[in-house]
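Participant: Next comes the sequence, and after it the predicted model I'd like to discuss.
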Amino acid sequence: QVQLQESGPGLVKPSQTLSLTCRVSGGSITTNDYYWSWIRQPPGKGLEWIGYTRQSGNTYYSPSLKSRTSISKDTSKNQFTLQLGSVTPEDSAVYYCARRGSSSWAYDYWGQGTQVAVSA
């Protein structure tokens, strides 16, 4: 059973960088068939896809967030990290990490989500 667990600060000040980590257990992020992704849900809004990383090191980001986003992975710790720079209160959301197979548009495993507030 694959499990994903997000961790990081629950409060970030405006203009700072938000950094979240997703630890994966029960499966390896070095498996080439998966997209290891970050997704968020602002209060009262729908899910917003942020980006993904793959075993190859390839990354792809939402065009609307690309200039401020970086996703990296640490295979020795079996985890991947989201960094979102120059945050504003509009970046306040529940942030999820999730896994999607390369042959599917559906995410088969999700973390429980972590609430992040951007406030002075």
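Facilitator: Yes, it's here.
Participant: Let me know the average pLDDT across stretch 49-69.
Facilitator: Averaged across stretch 49-69, pLDDT comes to 94.
Participant: buried sites along it?
Facilitator: W49, I50, G51, Y52, T53, R54, Q55, T59, Y61, L65, R68, T69 (16 or more other CB atoms under 10 Å). C-beta: built from backbone N, CA, C; applies to glycine.
Participant: Give the bridge partners for F80, please.
Facilitator: Each beta-bridge partner of F80 is listed here: C22, K73, as defined by DSSP bridges.
Participant: Out of the buried residues of stretch 49-69, list just those in strands.
Facilitator: Assigned to strands by DSSP state E, the following of the buried residues of stretch 49-69 qualify: W49, I50, G51, Y52, T53, T59, Y61, T69.
Participant: How is the nearest residue to the second one once chain neighbours are set aside classified with respect to secondary structure?
Facilitator: If you skip the residues right next to it in sequence, I50 has W38 as its closest partner in space, 4.2 Å away by CB to CB, 6 or more residues apart in numbering. The three-state label for W38, taken from DSSP: H, G, I helix; E, B strand; the rest coil, comes out as strand.
Participant: Looking at strand pairing, list the partners for W38.
Facilitator: The partner residues for W38, given DSSP bridges, come to G51, C97.
Participant: could you measure it against S67, distance?
Facilitator: Distance, W38 to S67, using CB to CB, to the nearest Å: 16 Å.
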